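Chemist: Quick one: sequence and predicted model below, then my questions.
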Amino acid sequence: MTMSIEVAQLRITRDLKEAEAALDEALVCQAALLMTVVSARKETGSPPFKGHETLLRLNKSQQSLLASGGDLSRVHGQLLDIAREMSGGSHDCPDDWREPMGFEAADAA
């Protein structure tokens, strides 16, 4: 079965948006979990360092998600380059797509 360039671009655009949104949602959920764990420790009167290793692991997990976001940003940029090469443009993706999220620094890394 042959897929047209237009169909491929639409599917890639859809899946890329979903992947970016899922990463953001995972970060939000982990941030909420961190807040809940620390609040629970505080509010239950647990010792100050109870669960410290757990918090360190959660923080490491958040760092991994942030690194994944940088990699996904690079994928986004490379897919835009491919779209421009294949069809002279890209669907609903502004030229300044990196700026609102601050990804210009991620590309420099």
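Modeler: Structure received.
Chemist: for stretch 79-89, the distance to its chain's centre please.
Modeler: Chain-centre distance of stretch 79-89: 22 Å, with CA atoms, centre = their mean, to the nearest Å.
Chemist: Helices of this structure, start to end?
Modeler: Under the criterion DSSP state H, the chain contains helices at 5-43, 52-87, 104-108.
Chemist: Count the neighbours of Gly70 for me.
Modeler: 14 (other CB atoms under 10 Å). Backbone N, C-alpha and C define where each C-beta goes, glycine included.
Chemist: Give the residue spans of the protein that score low on pLDDT.
Modeler: 1, 89-109 (pLDDT under 70).
Chemist: what about 90?
Modeler: Along the chain, the parts satisfying pLDDT under 90 run over 1, 3-6, 8-9, 48-49, 80-109.
Chemist: for Met3, phi and psi?
Modeler: phi -110, psi 130 (degrees, to the nearest 10).
Chemist: List the contacts of it.
Modeler: Arg11 (CB atoms under 8 Å, 6 or more residues apart in numbering).
Chemist: what does Glu6 give?
Modeler: Ser87.
Chemist: Kindly provide the distance from it to Leu79.
Modeler: 15 Å (CB to CB, to the nearest Å).
Chemist: repeat for Val37
Modeler: 37 Å.
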